[in-house]
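Engineer: Test case, fold it:
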Amino acid sequence: METSIAIALGLFAAAMALNLYRLLRGPSLPDRILALDTLYVNTIALLVLAGLREGSTIYFEAAVLIAMLGFASTVVLGKYVLRRDVIE
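Structural biologist: Numbers count the residues shown, from 1 in each chain. You can find the predicted model right below:
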C-alpha cells in the first residue's frame, strides 16, 4: 500500500507541474482557466493521498476546503470569460 501511494504522489506531482506549465504558458484564457481547475483537482488528490499515507483526517478537511474554493473560483472565472464582468 505504501508503495502505491508513493507512486501516485509522484505521478500527481508530475501532473501538477504540467498543469502549472499550461497555466503559465497557455495560449488563451480558457486554457489557463482549465489548467487552474485541473491544478486544484490534482491538489485535492495529493491531499487525500497524503492523508491516507499519514493516517490523519486534517488532510481530508483541507481537501474539502480547497474543493469548495476551487468550485467558486471556477464559477467566477467562467462568468468573467463570458461577460467580462464578475458583479452584475
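Engineer: Please spell out which residues along the helix or strand hosting Ser4 are buried.
Structural biologist: Under the criterion of DSSP states H and E, Ser4 resides in helix 2-25. In terms of neighbour count (16 or more other C-beta atoms under 10 Å), helix 2-25 has its buried residues at Ala8, Leu9, Phe12, Ala15, Met16, Asn19, Arg22, Leu23. Where you see a C-beta, it was placed from the backbone N, CA and C, and this is true even at glycine.
Engineer: Can you redo these as CSV, where the extra columns are pLDDT?
Structural biologist: Below are the buried residues of helix 2-25 laid out as CSV (pLDDT from 0 to 100):
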residue, pLDDT
Ala8, 95
Leu9, 93
Phe12, 95
Ala15, 95
Met16, 94
Asn19, 94
Arg22, 94
Leu23, 92
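Engineer: got CSV for those residues, with distance to Asp31 too?
Structural biologist: Shown next, in CSV, are the buried residues of helix 2-25 (distance: C-beta to C-beta, whole Å):
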residue, distance to Asp31
Ala8, 26
Leu9, 26
Phe12, 21
Ala15, 16
Met16, 16
Asn19, 11
Arg22, 7
Leu23, 9
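Engineer: Looking at those, which is nearest Ser56?
Structural biologist: In terms of C-beta to C-beta, no member of the buried residues of helix 2-25 lies closer to Ser56 than Leu9, at 15.0 Å.
Engineer: Spit out the contact partners of the residue nearest to the closest one when sequence neighbours are not counted.
Structural biologist: Closest residue in space to Leu9, ignoring its immediate chain neighbours: Leu49 at 5.3 Å, by C-beta to C-beta, 6 or more residues apart in numbering. With contact taken as C-beta atoms under 8 Å, 6 or more residues apart in numbering, Leu49 is in contact with Ile5, Ala8, Leu9, Phe12.
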